[in-house]
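**Q** Would you be able to build a 3D model of this:
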Amino acid sequence: MDFEIFKDIGLNLVNEYGYLGIFLIGLSEPILQPVPTELFIISGVLLGLDWKLVLIVSTLACNLGAIITYYLATRYGEKLALKLFDEGKLKKGEKFLKKWGVMGVIVVSFTPIPFEIICWVCGMFNMPFEKYMVAVFLSRMIKHGLAVLPFVLSF
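**A** Predicted coordinates for the structure are as follows:
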């Protein structure tokens, strides 16, 4: 997979469409978007977007994307996920989720495990939706908050 294409498209979206670009990137992150949203959050703020709005838009968009991913994963399950992801990564994600549960979703935000993998695994293995959404919201708020923190401190 060519990550440069995703990065270039994302940077162009932010540059051309501002908050809408941030929203589209955030929406795609939990579904299938290999470049961390934080890169685009930082570029948006550097382009002059208000960090508070960027934080709100990116977090809400990621949560909406997480809802879509959960629905797709519960509805189409393993069959679709195996077309999108390597089976080994799914097995690792399942093992991780079984061990850590809701905390695992939050912890994933700070590890090399791709966020979209854990979102798919949560749906595939029927993590309770309410717990899943709390974990996604907290993980994205913390991670995106840390991305804008240097800009908050510099003002």
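**Q** Relative to M141, how far out is the nearest residue to K143 once chain neighbours are set aside?
**A** Distance criterion CB to CB, 6 or more residues apart in numbering; nearest residue to K143, sequence neighbours excluded, is S109 at 4.4 Å. Bear in mind the C-beta positions are built from the backbone N, C-alpha and C, glycine included. Taken as CB to CB, to the nearest Å, the spacing of S109 relative to M141 amounts to 10 Å.
**Q** The residue nearest to K143 is in contact with S139, isn't it?
**A** Yes - here S109 reaches S139: they are 4.1 Å apart, a contact under CB atoms under 8 Å.
**Q** tell me, what's touching the two both at once?
**A** F115 (CB atoms under 8 Å, 6 or more residues apart in numbering).
**Q** Report how many residues lie close to I68.
**A** By the other CB atoms under 10 Å criterion, the neighbourhood of I68 contains 15 residues.
**Q** And it, which helix or strand is it part of?
**A** Here I68, judged by DSSP states H and E, is contained in helix 51-84.
**Q** For this protein, which segments count as helices?
**A** Assigned helices in the chain, in chain order: 3-17, 19-32, 37-46, 51-84, 87-108, 115-124, 129-154 (criterion: DSSP state H).
**Q** Out of these, which one sits most buried?
**A** For the helices of the chain, ranked by mean neighbour count under the definition mean count of other CB atoms under 10 Å, the leader is helix 115-124 at a mean of 27.
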